[in-house]
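[1] Structure of the sequence below:
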Amino acid sequence: MNRLPNTLIQFFEEVYLESQLNQVLDEEQKQKTDTQTNNNWSEEMNKLRGLLTAPVELEQIPFTEENLNKLGTFIQTPIEKVYLSNIGQETLFHKMNRKAGGRGDIDRRQFIDAIPKVLSNPAFIIEHKPNKDDDYQDIRHLYFKTVKLDNYNYKLMFVVSLLDDKKPKLLSFYAVDFYDKIQIGDTILYEGGQQTKVIL
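    Predicted coordinates for the structure are as follows:
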């Protein structure tokens, strides 16, 4: 049986050892990156949580189509105009009425005053790009603010779709635990009164 020359054996051993070394270095780099990401996530999330400690007081505005229409066709936010136009076949009024208290959530009909106050002066804004777990394909901007209504504080999240990036559209809003809604890889677009671009 023919044996490989020593030089060839040595060559294959060197290739194997180099491959093993590269694998170890790749794993070390991945662990380092994961640690940096987790540290960044924790730091940034703590900062964002601190921005939700000061609630804005809401007025009780009767839920009527007329009162909702008084808000106008769009609201200027710190980063964009958000339009209050139809969501599919429904107006915002019809959607808010249909979704009253849906999924055990807030009754949106009581929060007309939150729409201009949160969108025009959010605590922070997150950009979320769809991933494999999402059942939608549009980029979304998530506006967060704590509001106070009838002496009770609610952390609200407003969902704005960029399906048409020239006309960002308000889809809905909810009371949420923001830790459940912000994911690693999302981008902070606005926080603490200024625009930014921090990837979580």
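[2] So, low pLDDT: which residues of this structure?
    The model of the chain has pLDDT under 70 over residues 1-39, 99-104.
[3] Do you have the strands of this structure handy? List them.
    Ranges of strands in the chain, per DSSP state E, are 56-57, 74-76, 81-83, 124-128, 140-149, 152-161, 169-175, 187-191, 194-199.
[4] tell me the contacts of Asn67?
    Ile61, Ile112 (C-beta atoms under 8 Å, 6 or more residues apart in numbering). Every residue, glycine included, has its C-beta placed from N, CA and C.
[5] Between the strands of the chain, which one is closest to Met96.
    When the strands of the chain are compared by C-beta to C-beta, strand 169-175 sits nearest Met96, at 8.1 Å.
[6] Off-centre distance for stretch 161-168?
    15 Å (C-alpha atoms, centre = their mean, to the nearest Å).
[7] separation between the closest residue to Arg98 other than its chain neighbours and Thr187?
    Nearest residue to Arg98 in three dimensions, chain neighbours excluded: Glu90, at 7.3 Å (C-beta to C-beta, 6 or more residues apart in numbering). Look at Glu90 and Thr187: by C-beta to C-beta, to the nearest Å, they are 29 Å apart.
[8] How about Gln89?
    When Gln89 is compared with Thr187 (using C-beta to C-beta), they lie 32 Å apart.
[9] follow-up on the earlier one: now tabulate the strands of the chain in CSV and tack on mean neighbour count and distance to Ile115.
    Putting these into CSV (neighbours: other C-beta atoms under 10 Å; distance: least, C-beta to C-beta, whole Å) gives the following:
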stretch, mean neighbour count, distance to Ile115
strand 56-57, 14, 12
strand 74-76, 16, 7
strand 81-83, 18, 9
strand 124-128, 21, 15
strand 140-149, 21, 10
strand 152-161, 19, 8
strand 169-175, 19, 7
strand 187-191, 20, 17
strand 194-199, 11, 21
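[10] Arrange those strands in a markdown table, one row each, with distance to Lys117 as further columns.
    Shown next, in a markdown table, are those (distance: least, C-beta to C-beta, whole Å):
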| stretch | distance to Lys117 |
| --- | --- |
| strand 56-57 | 5 |
| strand 74-76 | 10 |
| strand 81-83 | 13 |
| strand 124-128 | 14 |
| strand 140-149 | 7 |
| strand 152-161 | 10 |
| strand 169-175 | 11 |
| strand 187-191 | 15 |
| strand 194-199 | 19 |
